[in-house]
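Student: Just the structure for this:
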Amino acid sequence: MVLNFSFSVVKHILKCYIFTETTFVKKSPSVEGGNAVMINRLLAGYNFPKVYDDMWTEVTKRVQGRSDLSAQYAEMSAISDIDEIATLIKDRVWCGKEHMEILKELHARKYLYKMLLERGLVTHKKPFVLELTGTPRAGKTTAINGVADFFQKAGYKVKIIEELVSTPYFKKVLKKARDNMATGKFNILLIEETFKQLKEACEDNTIDIVIIDRGVNDRQIWNYLRCQTGDISKEEYEAVTQKYIDLSNQYSDVLVALKIDAVSAVIRDYLSSIAIETRRFNNKTNIAQYNDAMDAVADVHVRSVKSFISIPDAKRYNPVGIMIIAAHSLLGFMISQAIMDGLYSQI
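Tutor: Next up is the predicted model:
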């Protein structure tokens with residue numbers, strides 16, 4: 001069956017994909033010892049958007065129907081020791097066929113797109129942009145590093161944009177400016193500076209993928225909080241919010257929002273450190289307020305990106321599962337854009 005996706009249909013489907021329960025994962029017996037993980041939590045019942053799989057199936061079918069493309073694709077994506085790898089990890093990650101099958105599928109897709117890119121059959125005017133936001137200790141940094149490594153191993157040029165407040169520029173320049181600015185004004189300055197990071201990265205045509213740790217859409221959460229405390233007026237908040245909805249739409253593609261409850265976040269924070277002092281921000285009160293604000297701006301997030309993936313109970317996921325969801329979502333958006341740009345007429 002040939003799949004014909006119109007621009008409007010694809011855009012509507014991809015605009016907002018929210019986590020749903022399903023019976024996708026079959027629970028397997030736990031594994032004792034070593035580095036075994038909670039197997040039944042790898043994907044925690046995540047329901048992959050079928051539209052992405054349908055698109056990839058059709059593109060793969062067309063590529064395999066052309067001898068020149070199929071030979072190059074097979075060579076690029078081949079893994080000589082795949083059986084040995086599967087044997088090594090099967091008792092450590094997921095005792096079942098599904099895990100390796102998912103990884104092999106993602107592997108094939110990233111190389112298929114890479115081949116189409118090298119052949120000039122797909123182009124992109126700017127890097128693809130994946131942003132992660134969410135509760136502290138929800139697993140964003142681990143997911144960012146995992147997804148970056150996944151694409152880099154296939155030769156993609158990936159740039160990770162560090163959270164602004166962790167950068168030397170913030171510590172040496174912006175932190176000093178904070179002393180002479182009202183809280184609300186400073187928060188608006190931070191979203192402006194965060195957007196500059198994104199814009200600069202997207203203007204580099206040598207980069208294929210930009211992955212952002214707490215970008216513009218995270219700053220929208222903080223501005224909402226500052227509006228609630230009265231540090232930003234309602235009128236100013238609404239104006240700034242709309243401004244960055246519009247700007248985000250121009251640059252950001254996929255937003256993954258991870259949420260865990262405040263108690264779990266605090267526990268994870270203490271378990272990741274040997275310091276036992278009371279946390280300035282990572283305490284139950286502050287994190288609960290952040291989570292409430294993240295819920296409140298969900299509609300802003302939907303309107304700010306092409307594809308929004310919300311995972312409201314991320315603690316149910318194994319870290320590898322979150323990497324898989326993020327990579328699957330980004331690859332799906334990449335092929336959907338290629339199709340909307342006329343890929344079918346090229347292959």
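Student: When you work out contacts or count neighbours from here on, use the C-alpha atoms and nothing else.
Tutor: Will do.
Student: All the strands of the stretch 51-200 of the chain, residue numbers only.
Tutor: Secondary structure of the stretch 51-200 of the chain (DSSP state E, counting those that start in this stretch): strands at 128-134, 158-161.
Student: Point out the most buried one among the ones you listed.
Tutor: With neighbours taken as mean count of other CA atoms under 10 Å, the strands of the stretch 51-200 of the chain reach their highest mean count in strand 128-134, at a mean of 24.
Student: strands paired with that strand, and their directions?
Tutor: Strand 128-134 has its sheet partners listed here by DSSP bridges as strand 209-213 (parallel), strand 254-258 (parallel).
Student: Same list (those) but as JSON lines, adding mean neighbour count and mean pLDDT.
Tutor: What follows is the strands paired with strand 128-134, written out as JSON lines (neighbours: other CA atoms under 10 Å; pLDDT from 0 to 100):
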{"stretch": "strand 209-213", "mean neighbour count": "23", "mean pLDDT": "98"}
{"stretch": "strand 254-258", "mean neighbour count": "26", "mean pLDDT": "96"}
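Student: I'd like to know how many residues surround the spatially closest residue to residue 219 that is not a sequence neighbour.
Tutor: Leaving aside its chain neighbours, residue 219 sits nearest to residue 191 (5.6 Å; criterion: CA to CA, 6 or more residues apart in numbering). Neighbour count of residue 191, defined by other CA atoms under 10 Å: 23.
Student: Next, format the strands paired with strand 128-134 as TSV and append distance to residue 322.
Tutor: Formatted as TSV, those follow (distance: least, CA to CA, whole Å):
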stretch	distance to residue 322
strand 209-213	14
strand 254-258	9
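Student: Among those strands, which comes closest to residue 310?
Tutor: Residue 310 lies closest to strand 254-258 among the strands paired with strand 128-134, at 4.9 Å (CA to CA).
Student: which is the next helix or strand following that closest one?
Tutor: helix 262-271 (DSSP states H and E).
Student: And the average pLDDT for that next one is what?
Tutor: Mean per-residue pLDDT for helix 262-271: 95.
Student: in the helix or strand following it, what's buried?
Tutor: Counting by DSSP H and E, the next helix or strand C-terminal to helix 262-271 is helix 284-296. Buried positions in helix 284-296, judged by neighbour count with 16 or more other CA atoms under 10 Å: 284, 287-288, 290-291, 293-295.
Student: Now render those residues as CSV, adding pLDDT and distance to residue 341.
Tutor: Converted to CSV, the buried residues of helix 284-296 look like this (pLDDT from 0 to 100; distance: CA to CA, whole Å):
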residue, pLDDT, distance to residue 341
284, 96, 46
287, 97, 42
288, 97, 42
290, 97, 38
291, 97, 37
293, 97, 36
294, 97, 33
295, 97, 34
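Student: Just the closest of those to residue 255, please.
Tutor: Using CA to CA, residue 294 is the member of the buried residues of helix 284-296 that sits closest to residue 255, with 12.9 Å.
Student: Distance of the closest residue to that closest one other than its chain neighbours relative to residue 157?
Tutor: Leaving aside its sequence neighbours, residue 294 sits nearest to residue 221 (CA to CA, 6+ apart; 5.7 Å). Using CA to CA, to the nearest Å, residue 221 is found at 29 Å from residue 157.
Student: Where does the prediction get shaky in the stretch 51-200 of the chain?
Tutor: Across the stretch 51-200 of the chain, the ranges flagged by pLDDT under 70 are 89-97.
Student: Can you show me the helices along it?
Tutor: 67-77, 82-89, 97-118, 140-152, 168-169, 175-178, 183-202 (DSSP state H, counting those that start in this stretch).
Student: Any chance of a markdown table for these, columns distance to residue 314?
Tutor: What follows is those, written out as a markdown table (distance: least, CA to CA, whole Å):
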| stretch | distance to residue 314 |
| --- | --- |
| helix 67-77 | 31 |
| helix 82-89 | 23 |
| helix 97-118 | 19 |
| helix 140-152 | 10 |
| helix 168-169 | 30 |
| helix 175-178 | 31 |
| helix 183-202 | 25 |
